[in-house]
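Chemist: quick one: sequence plus predicted model below, questions after.
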Amino acid sequence: MIPKPPFPRDLSPEGELAEFRRLQPRLDELWNALSNQEEQPYTSVVVPSLTLDQRELEKLEGASYYEERLLFLLIRLRNPQARMVYVTSRPLHPLILEYYFELLAGIPASHARARLTLLCAYDASPRSLTEKILERPRLIQRIRYGIDDPNRAFLTVYNATPLERRLAVLLGIPLNGVDPELQHLGTKSGSRRVFREAGVALPEGFEDLRSQEDLVEALDELRRKRPDVRKAVLKLDESFSGEGNAVFHFPDEGGRPALADALSRVTLAVASETPDSYFGKFRTMGGIVEEFLEGEETRSPSCQIRIDPRGRVILISTHDQLLGGPTNQLYLGCRFPAENGYRRQVQEAARRIGELLAARGVVSRLGIDFVVRRVSASAPWEVFAIEINLRIGGTTHPFLALEFLTGGRLDPESGDFRSPGGLTKFYRSTDNVRSEAYRGLSPADLLDITTMNHLHYSQGTETGVLFHMIGAVSQYGKIGLTVIGNRHEQVDQIYDNAIAVLDRETAYGRAPVPDPVKADPLEEPLPAGSREYRDTIAVPRIWRDRS
């Protein structure tokens, strides 16, 4: 393998931008194939790199295994003329691929497998995959060799930064993602400006803050505007999954000295963070402060949309997000679809935001988070936009899983998803099923458990469980799953049964390794490691009672 130019060092900033602008119009030509409207030949290069702030990414245990979440994009191989190049940091276990291929509806597994090229950086370091690829010219050349026709190929990424733009230019294919020059629209501060311009309600607050002094001033002004406010949320501009959020409790005393003192006692979203490290990030990254919305009932829905190269805004899905952690700000999972009572309001607000982003030149799949509240069960829901995620997010891969397994379609008017058999589909998904007892399970072990206990998705009943992030289970005891059913109550039953099966199958636990010098052979063995975390969020009764 002899790598060929251009190499990263050959690209000047001006030349890179000019070539990027030249390549991007090809997306418009490929759109019918990309949106599955026509069976045309094309190559999809998938680089599932989490190119995010390294300090924030360090909070995400097993981050490199999140690259497996986009394996649901194998759905593109349903087009018998499509090819795919999929690149990862670590090698994918062969059984993981077989698991997905056997569940891919509508195409023989052998035919799809023959059109997939798997490549790997063989680098487990805590850096983004795109960085690893850019420093490996031979790997770049292997990706080029996997592209059948560069004029009918595109690059799909988790999020688009100047690094992904550079990789697209080196490969000579357009980037199916947001132009990195527009990423500021998806920061917490940028989101608030977009919401105001789109005429969508948002919490009272302030953006473009940098220092603790800025925060104290903003909190003082927030209390002046909202005299009854009890809490506020601080958010780092470029954080994700709620891990850059902190909750501030307003003191009884007035004045800025009291606010400054209370600021040192904010409740942080993750245990590894300290106030000093958090405010250090705030100084370099910037952020916002906004009122903590409270009500008799509050929910956290989100809406996924796609803006195509022609500027059309297309509804993909709505979800109710499941949140947890010390501040109830961490994203843990989701339920599809969002509650009927506010779904259409959320869809309409997302459409207005999408139209404004399209006018700014955004072309991408993206998600918009909301908070809804009402003062009583008979009162209307109020909808507030919270943030824009100009990237593939935590609700993207579950919906891809639903499409992957069923081959159905979303009704854009109602927001319901119907299988080819006409059944309305529901699901619950999480990346955070975790137990110390699960550590040591290999992919083969997990698939044995799935098969022996009939957890796998059944095409006959159109219900069951699909696992993802399978590679993480042995080292971290962490697994993702999406449970699909025909009503919410059924989804919850299948979900609870899947957790019970995993717990039962690993009940004997992992025996600790004794110290070879100090261990007493007559001592009783220590108990197995206790559970660290599992998605045991309390599901609101209204969801459990719905049919």
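Modeler: Right, received. Where do you want to start?

Chemist: show me where the stretch 351-500 of the chain has its strands.
Modeler: 364-374, 382-389, 409-410, 417-418, 426-434, 464-468, 478-485 (DSSP state E, counting those that start in this stretch).

Chemist: please name every helix or strand in contact with the fourth one.
Modeler: Using 3 or more CB pairs under 8 Å, 6 or more residues apart in numbering; DSSP states H and E as the contact criterion, the elements in contact with strand 417-418 are strand 409-410. (Each C-beta comes from the backbone N, C-alpha and C, glycine too.)

Chemist: partners of the strand it packs on, with directions?
Modeler: Neighbouring strands of strand 409-410 in its sheet, by DSSP bridges, are strand 417-418 (antiparallel).

Chemist: what's next to the partner strand, contact-wise?
Modeler: Residues from elsewhere that reach strand 417-418 (CB atoms under 8 Å, 6 or more residues apart in numbering): 317, 336-337, 402, 406, 408-411, 424-425.

Chemist: again, but for stretch 91-111
Modeler: Contacts of stretch 91-111 (CB under 8 Å, 6+ apart): 68, 71-72, 74-75, 77-78, 80, 112-113, 116, 118, 120, 122, 404-407, 442-444, 447, 456-457, 459, 466-467, 470-471.

Chemist: got the buried residues for stretch 453-460?
Modeler: 453, 455, 457 (16 or more other CB atoms under 10 Å).

Chemist: which of the three states applies to I96?
Modeler: With DSSP: H, G, I helix; E, B strand; the rest coil as the basis, I96 sits in helix.

Chemist: how many other residues sit next to it?
Modeler: Residues lying near I96 (other CB atoms under 10 Å) number 19.

Chemist: ditto for R230
Modeler: 12.

Chemist: which residues does it contact?
Modeler: 249-250, 292, 294.

Chemist: just the angle between the helix or strand containing F195 and strand 382-389, please?
Modeler: Element membership for F195 (DSSP states H and E) is helix 188-198. Angle, helix 188-198 to strand 382-389, by axes from the mean of the first three to the mean of the last three CA atoms, to 10 degrees: 130 degrees.

Chemist: neighbouring strands - and their directions - for the helix or strand just after helix 188-198?
Modeler: Counting by DSSP H and E, the element after helix 188-198 in chain order, helix or strand, is strand 205-209. Using DSSP bridges, the strands paired with strand 205-209 are strand 287-291 (antiparallel).

Chemist: pipe the contacts of strand 417-418 into CSV and attach distance to H93, pLDDT and neighbour count per row.
Modeler: Output for the contacts of strand 417-418, formatted as CSV (distance: CB to CB, whole Å; pLDDT from 0 to 100; neighbours: other CB atoms under 10 Å):
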residue, distance to H93, pLDDT, neighbour count
S317, 29, 94, 24
F336, 28, 96, 26
P337, 33, 95, 23
L402, 24, 90, 24
T406, 25, 86, 21
G408, 29, 88, 20
R409, 32, 90, 12
L410, 32, 91, 22
D411, 37, 90, 12
T424, 34, 94, 14
K425, 29, 95, 22
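
Chemist: export the residues you listed to JSON lines and tack on distance to L390?
Modeler: Below are the contacts of strand 417-418 laid out as JSON lines (distance: CB to CB, whole Å):
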{"residue": "S317", "distance to L390": "17"}
{"residue": "F336", "distance to L390": "21"}
{"residue": "P337", "distance to L390": "22"}
{"residue": "L402", "distance to L390": "23"}
{"residue": "T406", "distance to L390": "28"}
{"residue": "G408", "distance to L390": "27"}
{"residue": "R409", "distance to L390": "25"}
{"residue": "L410", "distance to L390": "21"}
{"residue": "D411", "distance to L390": "26"}
{"residue": "T424", "distance to L390": "30"}
{"residue": "K425", "distance to L390": "27"}
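
Chemist: which one of the residues you listed is nearest R344?
Modeler: For those, the minimum distance to R344 (CB to CB) is 10.9 Å, reached by P337.

Chemist: you'd agree the closest one is up against R343?
Modeler: Yes: with contact defined as CB atoms under 8 Å, P337 reaches R343; the gap is 6.3 Å.

Chemist: what is in contact with those two at once?
Modeler: 318, 415.

Chemist: PyMOL command for the buried members of the contacts of R230?
Modeler: Burial among those is assessed by 16+ other CB under 10 Å; the matching PyMOL selection reads:
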select buried, resi 250+292
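
Chemist: restricted to strands, list the contacts of R230.
Modeler: H249 (DSSP state E).

Chemist: show me where the stretch 51-200 of the chain has helices.
Modeler: 54-57, 94-103, 109-114, 129-134, 137-146, 162-171, 188-198 (DSSP state H, counting those that start in this stretch).

Chemist: send me the fourth one as PDB with only the CA atoms.
Modeler: What follows is helix 129-134 as a C-alpha-only set of coordinates in PDB (Å, rounded to 0.1, in the frame of the first residue of the first chain):
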ATOM      1  CA  LEU A 129     -11.100   8.800  15.200                       C
ATOM      2  CA  THR A 130     -10.800  11.500  12.600                       C
ATOM      3  CA  GLU A 131      -7.500  12.700  14.200                       C
ATOM      4  CA  LYS A 132      -6.200   9.100  14.000                       C
ATOM      5  CA  ILE A 133      -7.200   8.700  10.300                       C
ATOM      6  CA  LEU A 134      -5.500  12.000   9.300                       C
END
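
Chemist: what does that helix contact?
Modeler: 8, 47-51, 64, 67, 87-89, 121, 123, 125, 139-140, 143, 157, 161, 163-164, 166-167, 170.

Chemist: distance-wise, check P309 relative to P337.
Modeler: 27 Å (CB to CB, to the nearest Å).

Chemist: give me the buried entries from the contacts of helix 129-134.
Modeler: 8, 47-51, 64, 67, 87-89, 121, 123, 139-140, 143, 157, 161, 163-164, 166-167, 170.

Chemist: JSON lines for the strands of the stretch 351-500 of the chain, including distance to R26?
Modeler: Listed next are the strands of the stretch 351-500 of the chain as JSON lines, based on distance: least, CB to CB, whole Å:
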{"stretch": "strand 364-374", "distance to R26": "16"}
{"stretch": "strand 382-389", "distance to R26": "25"}
{"stretch": "strand 409-410", "distance to R26": "26"}
{"stretch": "strand 417-418", "distance to R26": "30"}
{"stretch": "strand 426-434", "distance to R26": "33"}
{"stretch": "strand 464-468", "distance to R26": "31"}
{"stretch": "strand 478-485", "distance to R26": "33"}
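
Chemist: show me what contacts the residue nearest to L77 when sequence neighbours are not counted?
Modeler: Of all residues not flanking L77 in the chain, A112 sits nearest, at 4.1 Å (CB to CB, 6 or more residues apart in numbering). By CB under 8 Å, 6+ apart, the contact set of A112 is 74, 77-78, 101, 104.

Chemist: same thing but 7 Å
Modeler: Going by CB atoms under 7 Å, 6 or more residues apart in numbering, A112 touches 74, 77, 101, 104.

Chemist: kindly reformat the contacts of R230 as TSV containing pLDDT.
Modeler: Shown next, in TSV, are these (pLDDT from 0 to 100):
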residue	pLDDT
H249	95
F250	95
F292	95
E294	90
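
Chemist: of the contacts of R230, closest to G477?
Modeler: Closest to G477, out of all of the contacts of R230 and judged by CB to CB, is F292, at 32.9 Å.
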